[in-house]
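**Q** I need the structure of the sequence given here:
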Amino acid sequence: MQQKKIFYGWTIVAVAFLIGLTQAGVFQNVLSIFLKPMAEEFGWNRSIITGSIAVGSLSGGILSPLVGPYLDRNGPRKAAFWGITILSAGLIALSQLSSVWQLYLFFGTGRMIASGLLALVVTVSVSNWFIEKRGRAMGISQLGSRIGIAFLPLLVQHIILSYGWRTAWAVLGIIVFAFSALPSLIFLKRRPEDVGLLPDGRDPEEDLGTDEDKPGGQQSQASRLNLENEPVWTRKTAFRTISFWQLVFVMCVIYLVGAGSNFHLFPFMTDQGLPPTTAVLVITVLSVCAALGGVLFGFLAEKISVKILMGGVLITIGILFYTVFWAVKAPVWMFIFAVVYGIIRGGVLPLIFLLWTEFYGRRSSGTVLGIAGPFRMAANAAGPVSAAIFFDLFHNYWIPFSAFTILLIMAGLLCLAAKPPVSPK
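**A** Residues are numbered from 1 along each chain as shown. The predicted structure follows:
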């Protein structure tokens, strides 16, 4: 009996994992480790440094509507390779930083590539290769960025303490290129149909059938995801749907709160008296638990409505996040917070991307996510900057962190009420 080959889609997932891992090099968690040593050397306040995140995120929002349709038409291979190369060069250039405009140029460009290009590459690549197993595939691919968030800050902190922050930027740039540039160029492909395969590794001879053909009228996962007759959405038709704007609001809240909390959690803990090494360890525990949670919720999404899972996760983490003010008073409670909050928060990214694909289909995922990009990245930019402004004004995080809680609960309720759009004719 001939052994069945491993489906090539899992190679796509592995490359997406590596891209996510290195993409985390320009996430807020990593920059937050550089915040205090750079601020001490140059005399910059937190608002100035977080401004580079805003510039990069807004630029990524401008880039994503152009990238999305390109990925749908041509696939991610060349775009990913050149994007990662530029990102790596920017990080290495930061080791020679001397002026604030260089921070905005080099980090901002890297942030633009990560948010406007690589984030779409990961999501669109995986969505194209899976239908029934998309939940687990998306969860595993998103695991890369979570692991990057968990361990890159530890690595950066170690290098900063041992060799200085300039060396840390250079090493980070080399790691990014080495881990993901060449795998992207060699292995990424657009869709399984392009190489004579079908999503999920199905046999081309397999009769997919309809829900009416199934015993007891059981609904298949592919049918539930509305992908057997895949719609093709244009910018114009997607813009006209209420669902688009509902998901845009939910996504904006996710990225505003995610960026704001990712960047400010480390300085918040150290401001409250936690040693930097303990604070980094808390972030690592939170990120590892989020990584595990992402895979867990990816599997759950194959059994439970993505919409219900998404709403429940957002409401729960909204409530949990507010407890950080009391948890930070004792390290043991902060680690408990990191475990519980991290596991549940881990479901956010895979679920929101699954929800977009469930609502708008596999063949239009790049286009629709691309046009949502400017809104998503504007929110991503606003999160760290708004929290930094409130901190500089009031010298505490009560106002921004409380607002984060309210927004998460609102987004969760809206998510529960959202309905898929009517397919374009």
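**Q** from here on, contacts and neighbour counts on C-alpha atoms
**A** Will do.
**Q** which ones are touching S287?
**A** Residues in contact with S287 (Cα atoms under 8 Å, 6 or more residues apart in numbering) are 146-147, 149-150, 342.
**Q** next: G173.
**A** 25, 87-92.
**Q** what helix or strand is it on?
**A** Taking DSSP states H and E as the criterion, G173 maps to helix 165-187.
**Q** so where is the stretch 1-150 of the chain shaky, pLDDT-wise?
**A** 1-4, 28-29 (pLDDT under 70).
**Q** again, 50 this time
**A** 1-2 (pLDDT under 50).
**Q** which stretches of it form helices?
**A** Counting by DSSP state H, counting those that start in this stretch, the stretch 1-150 of the chain has helices at residues 9-23, 28-42, 46-74, 77-93, 100-102, 108-113, 119-129, 134-163.
**Q** nearest to P276 among the contacts of S287?
**A** Nearest to P276 among these: A150, at 14.8 Å, using Cα to Cα.
**Q** before we move on, back to that, who wins on neighbours among the contacts of S287?
**A** Most neighbours among those, by other Cα atoms under 10 Å: I149, with 30 neighbours.
**Q** so where's the stretch 301-425 of the chain uncertain?
**A** Using pLDDT under 50, nothing in the stretch 301-425 of the chain is flagged.
**Q** which residues in it form helices?
**A** Going by DSSP H, counting those that start in this stretch, the stretch 301-425 of the chain shows helices at 306-322, 324-327, 331-345, 348-360, 365-394, 398-417.
**Q** how far is the first one from where the chain is centred?
**A** It refers to helix 306-322. The chain centroid and the centroid of helix 306-322 are separated by 16 Å under Cα atoms, centre = their mean, to the nearest Å.
**Q** burial measure for L393, as a count.
**A** 9.
**Q** right, I mislabeled it, should have said F401
**A** Neighbours of F401 (other Cα under 10 Å): 21.
**Q** that one contacts Y322, doesn't it?
**A** Yes - counting by Cα atoms under 8 Å, Y322 is a contact partner of F401 at 7.0 Å.
**Q** so which residue is dead centre in this protein?
**A** L349 (5.5 Å; Cα atoms, centre = their mean).
**Q** what's that residue in contact with, if anything?
**A** When contacts are counted by Cα under 8 Å, 6+ apart, L349 touches 142, 294.
**Q** quick one on the thing from earlier: who wins for proximity to L185 among the helices of the stretch 301-425 of the chain?
**A** helix 365-394 (19.0 Å).
**Q** tell me what angle the closest one forms with helix 398-417.
**A** Angle between the axes of helix 365-394 and helix 398-417 is 150 degrees (criterion: axes from the mean of the first three to the mean of the last three Cα atoms, to 10 degrees).
**Q** who does helix 365-394 touch, helix- and strand-wise?
**A** In terms of contacts (3 or more Cα pairs under 8 Å, 6 or more residues apart in numbering; DSSP states H and E), helix 365-394 is packed against helix 46-74, helix 119-129, helix 235-239, helix 242-271, helix 348-360, helix 398-417.
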